[in-house]
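Enquirer: What follows is a predicted protein model with its sequence.
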Amino acid sequence: MTTATRPEHDVDISSKAFWDKPFDERERSFARLRAEPGPTWHPPLPADFPYTEAGFWAATTHQDIVHVSKHPELFSSAEGVAVSPMPKEPQIAMSFFLTMDPPEHTIFRKLISAAFTPRQVNRIQHQIERNAKDIVDTLVGAGEVDFVTACSSLLPMYTVSDMIGIAPADREPVRQAAETLFGAGEEAISTDQDTLTVMIAQVELLRNAAIEIAEARRRRPEEDLMTNIVQAEVDGHRLTNDQIGAFMILLSSAGNDTTKQTTSHAMLALDRNRDQRDRLLADWDTRIGPAVDEFVRWSTPVMDFSRTAVTDTEIRGSKIRAGDKVALFYCSGNRDAAVFDRPGTFDITRNPNPHLGFGGGGVHYCLGSHVAKTQLRTLFHELLTRTPNVEIGAPTWLRNTFVHGIKHLPANFPR
């Protein structure tokens, strides 16, 4: 970690007050930073841990985020990927191969990819279709509900549970642990516990659940992804119990909350932009693919990650020193007018749409993007064709510097 000082930019994107503002207000600050000739230096974000850092470079343009993402030889993930100050150890425990660089990262990505055989992908798709139908069955004529609880949060965790082999009776504790892990700061406030204590408890629950299933599949293989994971081998490497536990933490948190948040944001956007909803339904087969990409761009559920410079380098005139943190603000890159026409408009026909919702490309591009898109396509077909008269209320937003989250979303499914 560098301790050198340098001038801090006068646009505040570091304070709690900034991150408590609505998205559109924060976007005005990011727009000012995108107009700068290169990345800008800022003081560290508020810390949930007794840990200090010098600050960070803000990569706010689409161009800069892609550049950093595609050059792991210059910008490492191994020192951690959180923008908020956080010790390296809990980041590694929660992020698995997100906090690895090639060649180590390459090995583990291949191991996980090897488990997604065509047969497993087909099986997962059928499970998603069945679960989406079952969820919407409960919404038809349900009256007043919280859309997040009754819909958004269900399909991704059902999908993760089916993939890994979590029994239906154990799904709810796993879902709660995953959601708490993503919103640990708020959970700590509500329980008077420190954030690290809250996070460790959820990590252990998810880790132990995965290890128990992995050991069971080694003894008695079944037709599920966990069996493929314990049997996968690449270049003589197999995943250990600890590594499978770490993958479970990544899958159940990142794979759950991101799709959940995208679902909530997309439902809200379609309600507020009825012309877009009508346009989608008028030509579903042609428009659902671009629409899903717009759902992801619009929501940008993961707002930021970071990298650490491994050598002195330069980004458009900004001199980055070895050890400097570089924050990748996907929420800003996805509103970059240099790349997106009318970026503040929700447009399900947007094409091209090189959004950063699955990362900026390179070795860390989201491994689960196909599964996420399948869930969104399937669920929204059920929702829009079977509940055409649903009314959406005002959202309650999650206070977070990492997740662009909707905590509650009132919905009325007329009886």
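Expert: Sure thing, it's come through.

Enquirer: and the nearest residue to residue 129 once chain neighbours are set aside, what element?
Expert: Setting aside the residues directly before and after it, residue 129 is nearest to residue 378 in space (CB to CB, 6 or more residues apart in numbering), at 5.5 Å. In this view, the C-beta of every residue, glycine as well, is placed from N, C-alpha and C. Under the criterion of DSSP states H and E, residue 378 resides in helix 369-386.

Enquirer: That helix - contacts with which helices or strands?
Expert: helix 118-139, helix 154-164, helix 241-272, helix 274-282, helix 284-299 (3 or more CB pairs under 8 Å, 6 or more residues apart in numbering; DSSP states H and E).

Enquirer: just checking, what packs against the fourth one?
Expert: Okay, so that is helix 274-282. Using 3+ CB pairs under 8 Å, 6+ apart: helix 274-282 touches helix 241-272, helix 284-299, helix 369-386.

Enquirer: how about the ones you listed, which one is nearest residue 410?
Expert: Residue 410 sits nearest to helix 241-272 of all the helices and strands packed on helix 274-282, at 10.5 Å, using CB to CB.

Enquirer: Centre of the chain to that closest one, how far?
Expert: Counting by CA atoms, centre = their mean, to the nearest Å, helix 241-272 is centred 6 Å from the centre of its parent chain.

Enquirer: Could you give me the buried positions within it?
Expert: Neighbour-count burial for helix 241-272 flags 243-271 (criterion: 16 or more other CB atoms under 10 Å).

Enquirer: swap in stretch 230-239?
Expert: For stretch 230-239, the buried set under the neighbour-count rule, 16+ other CB under 10 Å, comprises 230, 232, 234, 239.

Enquirer: which two in the residues you listed are spaced the farthest apart?
Expert: 230 and 234 (13.4 Å).

Enquirer: How much space separates the residue nearest to residue 359 when sequence neighbours are not counted from residue 397?
Expert: Residue nearest to residue 359 in three dimensions, not counting chain neighbours: residue 365, with 4.9 Å by CB to CB, 6+ apart. According to CB to CB, to the nearest Å, residue 365 and residue 397 sit 28 Å apart.

Enquirer: next one: residue 132
Expert: 26 Å.

Enquirer: between the two, which one's more packed in?
Expert: The neighbour count for residue 132 versus residue 397, taken as other CB atoms under 10 Å, is higher for residue 132 (25 against 14).

Enquirer: Could you pull up the mean pLDDT of stretch 162-180?
Expert: Averaging pLDDT along stretch 162-180 yields 80.

Enquirer: what's that stretch in contact with?
Expert: The contact list for stretch 162-180 (CB atoms under 8 Å, 6 or more residues apart in numbering) reads 124, 127, 131, 153, 157-158, 160-161, 187, 198, 201-202, 205-206, 209-210, 213, 217, 222, 224-227, 248, 251-253, 256-257.

Enquirer: run the last query once more with 7 Å
Expert: Outside of stretch 162-180, the residues within contact range by CB atoms under 7 Å, 6 or more residues apart in numbering are 124, 127, 153, 157, 161, 187, 198, 202, 205-206, 209-210, 213, 222, 224-226, 248, 252-253, 256-257.

Enquirer: Start and end of it, how far apart?
Expert: 21 Å (CA to CA, to the nearest Å).

Enquirer: Report the buried residues of that stretch.
Expert: Counting neighbours by 16+ other CB under 10 Å, stretch 162-180 gives 162, 163, 164, 165, 166, 171, 174, 175, 177, 178, 179, 180 as buried.

Enquirer: Looks to me like the last one is in a strand.
Expert: Pointing back at residue 180 there. No. Counting by DSSP: H, G, I helix; E, B strand; the rest coil, residue 180 is not found in a strand; it is helix.

Enquirer: correct me, but residue 366 touches residue 357?
Expert: No. With contact defined as CB atoms under 7 Å, residue 366 does not count as touching residue 357 (8.2 Å).

Enquirer: quick one, phi/psi of residue 103?
Expert: phi -90, psi -10 (degrees, to the nearest 10).

Enquirer: and it, how many residues sit next to it?
Expert: Neighbours of residue 103 using other CB under 10 Å come to 7.

Enquirer: One more: residue 360?
Expert: For residue 360, the tally of surrounding residues (other CB under 10 Å) stands at 22.

Enquirer: thinking residue 105 is in contact with residue 99, fair?
Expert: No. Contact criterion CB under 7 Å: residue 105 and residue 99 do not qualify, at 8.8 Å.

Enquirer: So between these two, which is more surrounded?
Expert: residue 99 (23 against 19).
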